[in-house]
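**Student:** Model the following, please.
(one chain, ligands or ions: 1)
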Amino acid sequence: MKSDPFVYDCLVIGAGPGGLQAAIHLGRYNRRVLLIDKGAGRTTHAAHIVNYLGLVAVSGRELIATGLEQVKEFGVEVLKDTVTRVEKDDVFTVHTPDRSFQGRYVIASAGAVDNLPRLRNLGRFFGRGFYTCVDCDGYLTTGTKLLVMGNSLNAVRLALGMKQMYTDDLTLLLTDFALPLDYQEAVREDEIAVYSGEPVALFGETGLEGVQLADGRTLPCESIMATFGWRLNDSFLAELPLDRDHERFKILTGSSNESSLPGLYVVGALKPGHSQAIIAAGQGAVAAIDINQKLLEL
Ligand SMILES: Cc1cc2nc3c(=O)[nH]c(=O)nc-3n(C[C@H](O)[C@H](O)[C@H](O)COP(=O)(O)OP(=O)(O)OC[C@H]3O[C@@H](n4cnc5c(N)ncnc54)[C@H](O)[C@@H]3O)c2cc1C
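**Tutor:** Down below sits the predicted model:
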């Protein structure tokens, strides 16, 4: 394995909004920064981001591509590779399959992946009728015939919330989860029809028209909000002793986004909080400013 003896000020893992914003700030302090990204992250799946200050409408792919150009202007090195392991001794060592790099600080901004049911035609309707993020795309379901689907209490709570915000015509499909007794009255009062079953396909000619279940039933709808949880892109951190939330899932940080391991910062979807591009970017800026202040103290 080729090991680079050069010690970077900061190694940034993941070029989502969190990592890119951190790299922009660090680059503008003339810090030596390497951004390692394997590509095709969660943000690139956003067909249209409309809730980001100053951007009237941009696709996630455009946002990331512009960010990558921007970081290079400030001298940040960008490497397309997959980080497999992070170690800490006097400095951090970040490994990819064939190389390793050293840095005084690390920002983990590798994001998460949505758990999705295996549905025929999902690719055709993803971001065009089928959504997974209420803060991102809930607005697009306004006034539509909406189906909320999921496999946990989150789906029930999401249905009640969406009924209040977006539409009167709402159906709830629960997979592998029974509606809890203490929610039955609220759901009845809101006139939400509840089904259980396994969705297997989406269908529609020009737009989404419904979902087909494994037992042959079909549920008509014009939009779907699905909630099946997510998986974190954090396997490269597995060997590090990091404080996690009570479910041992998301990585806890302080207000500057530094984790319980000094020098390792975590931003974006890897830490608790709302998964929004603008929030991840803000966290990236906070982490970078904090790291720069520590470098000044050095
Ligand atoms: C369909 C969809 C629509 C969305 N719409 C909006 C919206 O309208 N508005 C909004 O604010 N937010 C939206 N979001 C959410 C937004 O994308 C997230 O908030 C954002 O992804 C979080 O940013 P991040 O920096 O944590 O990670 P990501 O954007 O997930 O970026 C992480 C990067 O790290 C890389 N990576 C992962 N593992 C490794 C590794 N081991 N080594 C190297 N690189 C790695 C990934 O390839 C990726 O490039 C949407 C998300 C989806 C899926």
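**Student:** which residues does the residue lying closest to residue 115 once chain neighbours are set aside contact?
**Tutor:** Spatial nearest neighbour of residue 115, chain neighbours left out: residue 228 (4.2 Å); criterion: C-beta to C-beta, 6 or more residues apart in numbering. Placement of C-beta: from N, CA and C, glycine included. By C-beta atoms under 8 Å, 6 or more residues apart in numbering, the contact set of residue 228 is 114-117, 150-151.
**Student:** Mind checking which of these are buried?
**Tutor:** Taking 16 or more other C-beta atoms under 10 Å as the criterion, what is buried in the contacts of residue 228 is 114, 150-151.
**Student:** rewinding a little: between the contacts of residue 228, which sits nearest the ligand?
**Tutor:** residue 114 (5.9 Å; C-beta to the nearest ligand atom).
**Student:** near the ligand, which residues of the protein?
**Tutor:** Within the chain, the positions adjacent to the ligand are 13-19, 36-43, 45-46, 49, 51-52, 60, 82-83, 109-111, 114, 127, 132-133, 136, 233, 236, 268-269, 275-278, 280 by C-beta under 6 Å from any ligand atom.
**Student:** filter the residues you listed to the buried ones?
**Tutor:** The neighbour count (16+ other C-beta under 10 Å) marks 13-19, 36-38, 41-43, 46, 49, 52, 60, 83, 109-111, 114, 127, 132-133, 136, 233, 236, 268-269, 275-278, 280 as buried among those.
**Student:** can you tell me the distance between the two ends of stretch 263-273?
**Tutor:** 21 Å (C-alpha to C-alpha, to the nearest Å).
**Student:** er, stretch 213-229 I mean
**Tutor:** Using C-alpha to C-alpha, the two ends of stretch 213-229 sit 20 Å apart.
**Student:** in it, what's buried?
**Tutor:** Residues 213, 219, 221-228 are the ones in stretch 213-229 that count as buried (16+ other C-beta under 10 Å).
**Student:** from the contacts of residue 228, which is closest to residue 203?
**Tutor:** For these, the residue nearest residue 203 by C-beta to C-beta is residue 117; the value is 14.7 Å.
**Student:** So that closest one is in contact with residue 155, correct?
**Tutor:** No: with contact defined as C-beta atoms under 8 Å, residue 117 does not reach residue 155; the gap is 11.8 Å.
**Student:** Let me see the mean pLDDT of stretch 82-97.
**Tutor:** For stretch 82-97, mean pLDDT is 97.
**Student:** so how many other residues sit close to residue 153?
**Tutor:** Close neighbours of residue 153, defined as other C-beta atoms under 10 Å, add up to 14.
**Student:** Skipping its backbone neighbours, what lies nearest it in space?
**Tutor:** Closest to residue 153 by C-beta to C-beta, 6+ apart is residue 180, at 6.7 Å.
**Student:** Would you mind listing where the stretch 101-250 of the chain has pLDDT under the threshold?
**Tutor:** Under the criterion pLDDT under 70, no range of the stretch 101-250 of the chain is flagged.
**Student:** all helices in it, in order from the N-terminus.
**Tutor:** Assigned by DSSP state H, counting those that start in this stretch, the helices in the stretch 101-250 of the chain fall at 122-125, 134-137, 153-165, 181-189.
**Student:** Please tell me how far the residue lying closest to residue 251 once chain neighbours are set aside sits from residue 19.
**Tutor:** Take residue 251 and drop its neighbours on the chain: the residue closest to it by C-beta to C-beta, 6+ apart is residue 266, 4.7 Å away. Relative to residue 19, residue 266 is positioned 11 Å away (criterion: C-beta to C-beta, to the nearest Å).
**Student:** Give the residues shared as contacts by those two.
**Tutor:** Common neighbours of residue 266 and residue 19, counting by C-beta under 8 Å, 6+ apart, are 107, 109.
**Student:** Angles on the backbone of the residue nearest to residue 251, please.
**Tutor:** Backbone torsions for residue 266, taken as degrees, to the nearest 10, come to phi -130, psi 130.
**Student:** Distance-wise, check it relative to residue 205.
**Tutor:** Taken as C-beta to C-beta, the span from residue 266 to residue 205 is 44 Å.
**Student:** and those two? which has more neighbours close in?
**Tutor:** Using other C-beta under 10 Å, the more surrounded residue of residue 266 and residue 205 is residue 266, with 28 against 6.
**Student:** Contact partners for that one?
**Tutor:** With the criterion set at C-beta under 8 Å, 6+ apart, residue 266 makes contact with 107-109, 242, 251, 253, 257, 259.
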